[in-house]
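Can you look at this prediction? I've put the sequence above it.
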Amino acid sequence: MSVDRSTIWPYRDGEAGAFYYQRYAHPTGAEAERVLGELDGGHALLFPSGAGATTAVALAFCKPGDTIALAEGAYFGTHVTFDQLEPWGLQVQEFDQTGPPPDGADLVWLEAPSNPFLTMPDLPAAAAHPAPVVVDATAATPIHLRPLEHGADFVLHSATKYLAGHDDALLGAVVCKRDEDARRLDDFRTRTGIVAAPDPAYLLLRGLKTLELRVRRQTESAQGLARRLEAHPRVERVRYPGFGGLISFDVADAAAARTVETSLQVITNATSLGGVDSVLESRARWEGDRVPAGLLRLSVGVEPVETLWDDLSAALDRLA
Ligand SMILES: *Cc1c(COP(=O)(O)O)cnc(C)c1O
């Protein structure tokens, strides 16, 4: 399908059809939602970014005074988004997602695997909690995990990352298990105007055609690179959940991390993850002392794995 940028569609015989004004819905977005909904096994809704999707879920399903139990070590940006909502009466309590969520939480927010610590949540423990469960599965993608089949109520994606996959579309998505939740979130989205435009929706549709190919290749390469990083004498610790294209590993300190960042020739020294081009960065530049000073996050792309290892090992050898 090609992108339709119309903001209006004519009534037929005086009656509105499926599409009439873009803020309510548009054909490109609806098609991308259909495809993503099938992949995750629920009802998908697009948002202009992952952070926009996070904001919409929090505002549509929480009320003043509510507490969100947030996975410790989860995406830094999620915590800072919730901080913005604190004046509206939302509280955040961090907890270790490898165990049960705290009693009294009104919404449980997990990440599979967490970015950049790459822990996996205890999904059965979260499903047993009375509060609705959101799983940010940006890093797992539906190729590796379908959280709705494990008791989650909502899946959240930064579609900017693996789903679109080429570092050229900013987009978020929420996949709802229940139709009534999808209707509530859709209504909230239309009324507040936190809506995704047709162009990024088109890029998502195109990216989804190769999602499985890309993610399988990235996983295979990341598995090999994680093993080789483990064996490298300048690498102090490797975090890798066994699947997916994200690895985080520690070198001695901030100076060593900077040397690796600035020595790479093939892997781009940039933020973000999930694209076809490999990127690496020190996370302490954003997260401060929440992460080890020498922690480097590597998002493995689709380049030949030997090329990636040659680049990484040459950079690490400069630490000798
Ligand atoms: C990037 C990211 C987000 C935020 O998404 P944006 O599209 O940048 O707004 C949320 N969760 C995770 C795990 C991410 O990596």
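Received it, and whenever you're ready, just let me know what you need. Residues are numbered from 1 along each chain as shown.

Before we move on, what's the pLDDT of the closest residue to the ligand within the stretch 151-300 of the chain?
At 3.0 Å from the ligand, Ser158 is the closest residue in the stretch 151-300 of the chain, using Cβ to the nearest ligand atom. Any C-beta I mention is one placed from the backbone N, CA and C, and that applies to glycine too. In this prediction, Ser158 carries a pLDDT score of 98.

Could you number the chain from 34 rather than 1 from now on?
Will do, 34 is the new start, and the previous item becomes Ser191.

Dihedrals phi and psi, it?
phi -80, psi 100 (degrees, to the nearest 10).

I figured it hits Ala172, correct?
No. Using Cβ atoms under 8 Å, Ser191 is not in contact with Ala172, being 9.1 Å away.

Those residues of the stretch 34-183 of the chain touching the ligand, which are they?
For the stretch 34-183 of the chain, the residues in contact with the ligand (Cβ under 6 Å from any ligand atom) are 82-84, 108, 110-111, 144, 148, 169, 171-172.

returning to that earlier point: Ser191 and Ala172: which has the busier surroundings?
Neighbour comparison, Ser191 and Ala172: the larger count goes to Ser191, with 30 against 27 (by other Cβ atoms under 10 Å).

Quick one: residues contacting the more buried one.
Ser191 makes contact with 82-84, 86, 169, 171, 204-205, 307, according to Cβ atoms under 8 Å, 6 or more residues apart in numbering.

Give the residue spans of the stretch 34-183 of the chain that score low on pLDDT.
Judged against pLDDT under 70, the stretch 34-183 of the chain has no low-scoring part.

one more time with 90, if that's ok
34 (pLDDT under 90).

where do the strands sit along it?
76-80, 100-104, 124-128, 140-144, 166-169 (DSSP state E, counting those that start in this stretch).

okay, and the common contacts of Ser191 and Ala172?
With Cβ under 8 Å, 6+ apart as the test, Ser191 and Ala172 both reach Gly307.

Got the domain ranges for the chain?
60-242, 245-350 (automatic domain parsing).

circling back to that earlier point, same list (the residues of the stretch 34-183 of the chain next to the ligand) but as TSV, adding distance to Pro233.
TSV is the format used below for those (distance: Cβ to Cβ, whole Å):
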residue	distance to Pro233
Ser82	9
Gly83	12
Ala84	14
Tyr108	20
Gly110	18
Thr111	20
Glu144	23
Asn148	21
Asp169	19
Thr171	16
Ala172	20
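
of those residues, closest to the ligand?
Closest to the ligand, out of all of those and judged by Cβ to the nearest ligand atom, is Gly83, at 2.2 Å.
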